[in-house]
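Novice: Fold the following and give me the result.
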Amino acid sequence: QGFGVASEGGGEPLGPWCLFQGASLSKVVTAVAALRAVEAGLLELDAPLNDALSSWSIPDNAFTEATTPTLRHALSHGAGFNVPSFFGYLSGSALPSLLDILDGQSGAIHPAIRVSQEPGTDWSYSGGGYVVVQQALEDRTGSYEGWVRQQVFVPAGMWGSGFQQPAGPGLLGVAATGNANGSDLGAPRIYPELAAAGLWTNALDLARMVLALQRSLAGEPGGILAPATAQAMMTPQSPAPHFFDIGLDPSPGMGLGVFLVNQSLPKWFWHTGENLGYTSLVVG
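Specialist: Below is the predicted model of the structure:
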């Protein structure tokens, strides 16, 4: 359902189709898209991520000598990548390309995305790791956005969701105005780091995504992953998040793209998101 109105100053009542920036809920969508690529034989969970990258590669350094980052590492924030979060670009800004973002060049406002601790040794939340996954999907499928639409949005019935960055007038006409510190934003920030933060979505589509994952786990019609793949997504990975990082659960688990309540016997999956002016949460 939708509650309230579309902007601080009033405006149209919010319906469940009203669009918001999903922020880090983008990572859940990206994880599902990556697992669809694993099922299609385009990616491997436990092979070096560099094997899937052709336009760019993860630079070797002292932290990658013993262990090379894999897709499993990246989806569960155990790859050791830096750059936890992205803060968006002002409307009208010149936007860096995906390769510029990866290497911290040509207007990118964040450092180059690099491995900054040995993969598999500690949990460290990294939007940067999801940008690496975005490039891998781009290289292996030809189009990150096209693959997500074909493999996630369409089969799940997420008809309103997309990665329009920057958003055009048509999208903004049906979107809630972002609000920061009690004031409406003049224009939403732009997030070219699509896989980590660029999603536009609504309550209907998020509910459909949860249902599609639940149906996948149960092997029911309407699922978007094979039951074994969905179970792998909901299986606690190692290393696990720290309690002080999550705060909502004394024993949190980390699946592939989703947090898990109680890593010893998880029954709930969830993720939050925060872009300037928008806050999000999905629970299943």
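Novice: From here on, just use CA atoms for contacts and neighbour counts.
Specialist: Fine.
Novice: Report the contact partners of Pro48.
Specialist: 68-71 (C-alpha atoms under 8 Å, 6 or more residues apart in numbering).
Novice: For ChimeraX, write the selection for the buried entries among those.
Specialist: Typed into ChimeraX, the line below selects the buried ones among these, using 16 or more other C-alpha atoms under 10 Å:
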select :68,69,70,71
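Novice: Would you mind giving the contacts of Pro48 as CSV with pLDDT, distance to Ala31 and secondary structure added?
Specialist: Converted to CSV, those look like this (pLDDT from 0 to 100; distance: C-alpha to C-alpha, whole Å; DSSP: H, G, I helix; E, B strand; the rest coil):
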residue, pLDDT, distance to Ala31, secondary structure
Thr68, 95, 19, coil
Pro69, 97, 16, coil
Thr70, 98, 13, strand
Leu71, 98, 10, helix
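Novice: Can you give me the neighbour number for Trp17?
Specialist: The local packing of Trp17 (other C-alpha atoms under 10 Å) involves 18 other residues.
Novice: returning to what we had before: format the contacts of Pro48 as JSON lines; extra columns: distance to Ala112.
Specialist: JSON lines is the format used below for those (distance: C-alpha to C-alpha, whole Å):
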{"residue": "Thr68", "distance to Ala112": "18"}
{"residue": "Pro69", "distance to Ala112": "16"}
{"residue": "Thr70", "distance to Ala112": "19"}
{"residue": "Leu71", "distance to Ala112": "19"}
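Novice: Let me know the closest of the contacts of Pro48 to Met158.
Specialist: Leu71 (24.8 Å; C-alpha to C-alpha).
Novice: any idea which helix or strand comes after the one helix or strand in the chain whose mean pLDDT sits lowest?
Specialist: Sorting the helices and strands of the chain by mean pLDDT, DSSP states H and E puts helix 243-246 at the bottom, at a mean of 60. Tracing the chain C-terminally past helix 243-246 and defining elements by DSSP states H and E, one meets strand 253-254 next.
Novice: what's downstream of that following strand, the next helix or strand?
Specialist: strand 259-261.
Novice: Other residues contacting that next one?
Specialist: 234, 236, 249, 251-254, 266-271.
Novice: so what strands line up beside whichever helix or strand comes after it?
Specialist: Going down the chain from strand 259-261, the next helix or strand is strand 268-275, by DSSP H and E. Strand pairing for strand 268-275, using DSSP bridges, gives strand 259-261 (antiparallel), strand 278-283 (antiparallel).
Novice: and among these, the most buried is which?
Specialist: Of all the strands paired with strand 268-275, strand 259-261 has the most neighbours on average by mean count of other C-alpha atoms under 10 Å, namely a mean of 25.
Novice: Gly22 belongs to a strand?
Specialist: Yes - using DSSP: H, G, I helix; E, B strand; the rest coil, the assignment for Gly22 is a strand.
Novice: what's the burial count for it?
Specialist: A count of nearby residues for Gly22, using other C-alpha under 10 Å, gives 28.
Novice: ok, it touching Val282?
Specialist: No - with contact defined as C-alpha atoms under 8 Å, Gly22 and Val282 do not form a contacting pair (9.7 Å).
Novice: sorry, back to before: ok, the contacts of strand 259-261 vs Ser76, which is closest?
Specialist: Using C-alpha to C-alpha, Met254 comes nearest to Ser76 of the contacts of strand 259-261, at 6.0 Å.
Novice: which one of the contacts of strand 259-261 is nearest Pro119?
Specialist: If you rank the contacts of strand 259-261 by distance to Pro119 using C-alpha to C-alpha, Met254 comes first, at 15.2 Å.
Novice: In three-state terms, label the residue nearest to the closest one when sequence neighbours are not counted for me.
Specialist: Of all residues not flanking Met254 in the chain, Pro236 sits nearest, at 5.1 Å (C-alpha to C-alpha, 6 or more residues apart in numbering). Following three-state DSSP, Pro236 is assigned to coil.
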